[in-house]
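Engineer: how does the following fold in three dimensions:
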Amino acid sequence: MKADAFWRVVRTYPDVRRLWLGETTAAFGSYFFRIALMWYVYVRTGSGTAIGLVVVVGFLPEVVLAPWFGVLADRLNRRRMMVASNAASAMVAGLLASAVALHVASLSVIASGMLLMGAASAFYDPARSGLFPDIVQRQDLLTAHALFHTSRQAARLVGSSLAGVIVALAGAVPTMAADVVTFLVSALWVAHISYQHGRSPAGPGQPSPSAVASARAAWEWMRRRPVILAMSGIGMVSNIALGPSNVLPPMLIRHTFHAGSAALGVFDAAIGLGIMAGGIVIGMITINRMGLSMAAALGIETLGLLAVALSPSPLGADVGNLLLGIGLVAANAPGGAMMQTIVPSELLGRVSSFSTVLNGFAIPITYGGVGALGDAIGAQGSYGLAAGLMAACLAAALLVPGIRSFRLTEAGRDAVSESNPSSEAKSL
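Structural biologist: Residues are numbered from 1 along each chain as shown. Okay, here's the model as predicted:
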């Protein structure tokens, strides 16, 4: 056990510290915004389908734009891309808060705003994925991932709890407006990262390939690594299974348990508390067999979803959401470290964007369907179906040899490749 592991990473890597402060600040405001917007939409429409629509449009840009933004992340200055994304998110959050304040926030206006925020996020994520392993050494990747997950969910714990109370006392507008400030603060922290990106997919002195050729080269590299594809497939199905937890909490709290926005804040905070607790443990221990660790975490997620589905009260559902949070960080931190260990830095922007597409292409359809499913069979019935899907992810993780046998001490970047060792990233 390494009780000071988080502090050591923050102290040792100044750029990690700046990124950590920026993202934690942005996460705090984003959970304020999310609780306020979801509650506003459900109170105004009374429809799980409407919430699903709002969530769906926020994911669409990841599916459509991620590959092209991944190409940009491998060509441009990743830090500047992240700053621009934060600034754009702040502007859109301000426009949506203003629309609610002026009583012109129709469902189409909210959906349009979420589409723009999704585009800003899709611009940020591949740049961040490519930058991250270049500002922290490989042996500290897992601890750094756990730190970010833990801090983000500490922000969720506080932000969601306070947001539910503030929405009840002051309404949605001031709660949503906080997101503007936190995104701007995050942009300032990220702007002070000293990392400079100067690589080109073509190499020094050579013309850059077209965006299509660059994206195709990364896809070919990825396609020849079955373990990467398997991890992306598991991510896709698990994201589908998480649909109810992202769309149906207002229905679960208000319709099933007949409680108010404060109870919604507590329910949402429970998953944040779980992720925070799980992240602390992950950061303090040394995990070599990351694949088995990820599989065990998928089992915990299954139990959490099942607990929500069977709970007769909000308290039992909170416990289930707590377990779900523990499983989420325990699966995502090793998964992220595995990906960034295997993929060369000059390909990370593009490969991570393709992984995002594979993980998320079913989400727009699924989340819209989850809203309709909730209207048809109820929130708890939907959580029960989700538990079955998560159990299938657990089985897949145990059946794929490259995941089951993955050891950090035996894996380097490009270690999990096919038998042809000449297929280096530089040959693309």
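Engineer: can we go C-alpha only for contacts and neighbour counts from here?
Structural biologist: Fine.
Engineer: in the stretch 51-200 of the chain, which spans are helices?
Structural biologist: All helices of the stretch 51-200 of the chain, identified by DSSP state H, counting those that start in this stretch, fall at 78-101, 107-135, 141-170, 172-191.
Engineer: of all those, which one comes closest to Ala263?
Structural biologist: helix 141-170 (7.5 Å; C-alpha to C-alpha).
Engineer: relative to Gly371, which of the helices of the stretch 51-200 of the chain is closest?
Structural biologist: Among these, helix 107-135 comes nearest to Gly371, with 14.8 Å by C-alpha to C-alpha.
Engineer: which other helices and strands does the closest one contact?
Structural biologist: When contacts are defined as 3 or more C-alpha pairs under 8 Å, 6 or more residues apart in numbering; DSSP states H and E, helix 107-135 packs onto helix 14-45, helix 48-73, helix 78-101, helix 345-360.
Engineer: looking at the ones you listed, which is closest to Gly243?
Structural biologist: Gly243 lies closest, by C-alpha to C-alpha, to one member of these: helix 48-73, at 8.9 Å.
Engineer: give me the angle between that closest one and helix 14-45.
Structural biologist: Helix 48-73 runs at 150 degrees relative to helix 14-45, counting by axes from the mean of the first three to the mean of the last three C-alpha atoms, to 10 degrees.
Engineer: helix 48-73 - what's its average pLDDT?
Structural biologist: For helix 48-73, mean pLDDT rounds to 79.
Engineer: could you do stretch 405-424 as well?
Structural biologist: Stretch 405-424 comes out at a mean pLDDT of 49.
Engineer: and what of stretch 377-391?
Structural biologist: For stretch 377-391, mean pLDDT rounds to 93.
Engineer: buried ones in it?
Structural biologist: Within stretch 377-391, the residues that qualify as buried are 378-384, 386-387, 389-391, counting by 16 or more other C-alpha atoms under 10 Å.
Engineer: let me know the closest of these to Ser405.
Structural biologist: Ala391 (19.6 Å).
Engineer: work out for me the element the residue lying closest to the closest one once chain neighbours are set aside sits within.
Structural biologist: Counting by C-alpha to C-alpha, 6 or more residues apart in numbering, Ala391 lies nearest to Thr302, which is 5.8 Å off, once chain neighbours are set aside. Per DSSP states H and E, Thr302 falls inside helix 290-310.
Engineer: please work out the average pLDDT along that helix.
Structural biologist: Averaging pLDDT along helix 290-310 gives 91.
Engineer: quick check: next helix or strand after that helix?
Structural biologist: Downstream of helix 290-310, the next assigned helix or strand under DSSP H and E is helix 314-342.
Engineer: what is that next one packed up against?
Structural biologist: The contact analysis (3+ C-alpha pairs under 8 Å, 6+ apart) places helix 314-342 against helix 141-170, helix 261-284, helix 290-310.
Engineer: got a markdown table for the ones you listed, with distance to Gly336 and mean neighbour count too?
Structural biologist: As requested, those are arranged in a markdown table below (distance: least, C-alpha to C-alpha, whole Å; neighbours: other C-alpha atoms under 10 Å):
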| stretch | distance to Gly336 | mean neighbour count |
| --- | --- | --- |
| helix 141-170 | 7 | 24 |
| helix 261-284 | 13 | 25 |
| helix 290-310 | 10 | 24 |
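Engineer: pipe the ones you listed into JSON lines and attach distance to Met117 per row.
Structural biologist: Below are the helices and strands packed on helix 314-342 laid out as JSON lines (distance: least, C-alpha to C-alpha, whole Å):
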{"stretch": "helix 141-170", "distance to Met117": "18"}
{"stretch": "helix 261-284", "distance to Met117": "21"}
{"stretch": "helix 290-310", "distance to Met117": "28"}
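Engineer: surely Met294 and Pro334 touch.
Structural biologist: Yes. Between Met294 and Pro334 there is a contact under C-alpha atoms under 8 Å: 6.3 Å.
Engineer: ok so, going back, how about the helices of the stretch 51-200 of the chain, which one is nearest Gly316?
Structural biologist: In terms of C-alpha to C-alpha, the element of these nearest to Gly316 is helix 141-170, at 17.4 Å.
Engineer: helix 107-135 and that closest one, what's the angle between them?
Structural biologist: Counting by the same axes, to 10 degrees, helix 141-170 lies at 150 degrees to helix 107-135.
Engineer: by contact count, what packs against helix 141-170?
Structural biologist: helix 5-12, helix 14-45, helix 172-191, helix 261-284, helix 314-342.
Engineer: looking at the ones you listed, which is closest to Trp219?
Structural biologist: Judged by C-alpha to C-alpha, the one of the helices and strands packed on helix 141-170 that comes nearest to Trp219 is helix 314-342, at 14.6 Å.
Engineer: what about Gly320, distance to Pro312?
Structural biologist: According to C-alpha to C-alpha, to the nearest Å, Gly320 and Pro312 sit 12 Å apart.
Engineer: just checking, what packs against the lowest-mean-pLDDT helix or strand in the chain?
Structural biologist: Here the helix or strand of the chain ranked lowest by mean pLDDT, DSSP states H and E is helix 345-360, holding a mean of 73. Contact partners of helix 345-360 among helices and strands, from 3+ C-alpha pairs under 8 Å, 6+ apart: helix 48-73, helix 107-135, helix 211-223, helix 226-241.
Engineer: cutoff 6 Å now
Structural biologist: helix 48-73, helix 107-135, helix 226-241 (3 or more C-alpha pairs under 6 Å, 6 or more residues apart in numbering; DSSP states H and E).
Engineer: can you list the buried residues in the longest one?
Structural biologist: Neighbour counts over helix 107-135 (16+ other C-alpha under 10 Å) mark 107, 110-135 as buried.
Engineer: and that helix, how far out from the chain middle?
Structural biologist: Per C-alpha atoms, centre = their mean, to the nearest Å, the displacement of helix 107-135 from the mean C-alpha position of its chain is 10 Å.
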